[in-house]
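# Here is the input, now give the coordinates:
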Amino acid sequence: MSQHTFFLTLACVIAAGSSLYYLRTIRAGLTKPSRSSYWIWFFLGLLIFPSYVLSGGENWPLNAINTIFCGAIAYHSIRYGEGGTLSKWDRLAVVIALLTIPAWIALAVTLPAKEAALPVFVVQMIADVFASFVIYEKAWNRPENEDKTAW
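Sure thing, here's the model as predicted:
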């Protein structure tokens, strides 16, 4: 097993394990996930996944695991989460995520897959950062809605 394969496997196991733990804390009522953040991360993960695969990226399994678990957490957030009304951070995150979609499509269409991978990744990371602001604001202002071990 190569060093890259070992660390990719380790990263996948850690990502799956931490997500399973987070899902357990959600079901136990210890965590109330942000609806907007996890739905944004799920859809952005779905968008970028083809770029990983088409560009020949070797880390696509980690993207797949993160996307699947973001989808599972997003699904659980409907019943167990918070965010029935959109806060200013929710609205900002949704707008930024929506604005990245045309940028992502333009990059994917105008550049060959290998050349588009990095710019598409950067666009996704910008949207990811804004979606994470929602979580940070919630954890700062309502820490009782987050399991400390998960953090």
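# Helix or strand for residue 86, just tell me which one.
Assessed by DSSP states H and E, residue 86 sits outside every helix and strand.
# same check, this time on residue 106
helix 88-110.
# in the helix or strand that that helix is followed by, what's buried?
Per DSSP H and E, the first helix or strand lying C-terminal to helix 88-110 is helix 113-141. For helix 113-141, the neighbour count (16 or more other Cβ atoms under 10 Å) marks 113, 116-117, 119-121, 123-124, 127-128, 130-135, 138 as buried. Glycine gets a C-beta too; all of them are placed from N, C-alpha and C.
# tell me what helix 113-141 is packed against?
The contact analysis (3 or more Cβ pairs under 8 Å, 6 or more residues apart in numbering; DSSP states H and E) places helix 113-141 against helix 35-54, helix 88-110.
# Output those as TSV; include the columns mean pLDDT and mean neighbour count.
What follows is the helices and strands packed on helix 113-141, written out as TSV (pLDDT from 0 to 100; neighbours: other Cβ atoms under 10 Å):
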stretch	mean pLDDT	mean neighbour count
helix 35-54	84	21
helix 88-110	82	16
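# Can you lay out the ones you listed as TSV showing distance to residue 21?
Shown next, in TSV, are the helices and strands packed on helix 113-141 (distance: least, Cβ to Cβ, whole Å):
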stretch	distance to residue 21
helix 35-54	15
helix 88-110	24
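# Return the helix holding residue 106 as CSV; C-alpha atoms alone will do.
Extracted C-alpha coordinates of helix 88-110, given in CSV (Å, rounded to 0.1, in the frame of the first residue of the first chain):
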residue,chain,number,x,y,z
LYS,A,88,-28.6,37.0,8.1
TRP,A,89,-25.7,34.4,8.1
ASP,A,90,-28.0,31.8,6.5
ARG,A,91,-29.1,34.2,3.8
LEU,A,92,-25.5,35.3,3.1
ALA,A,93,-24.4,31.7,2.8
VAL,A,94,-27.2,30.7,0.5
VAL,A,95,-26.6,33.7,-1.8
ILE,A,96,-22.9,33.0,-2.0
ALA,A,97,-23.6,29.3,-2.7
LEU,A,98,-26.0,30.2,-5.4
LEU,A,99,-23.6,32.7,-7.0
THR,A,100,-20.9,30.0,-7.1
ILE,A,101,-23.1,27.8,-9.3
PRO,A,102,-22.8,29.9,-12.4
ALA,A,103,-19.1,30.4,-11.7
TRP,A,104,-18.6,26.7,-11.4
ILE,A,105,-20.5,26.0,-14.6
ALA,A,106,-18.6,28.6,-16.5
LEU,A,107,-15.3,27.2,-15.3
ALA,A,108,-16.3,23.6,-16.0
VAL,A,109,-17.5,24.5,-19.5
THR,A,110,-14.7,26.8,-20.6
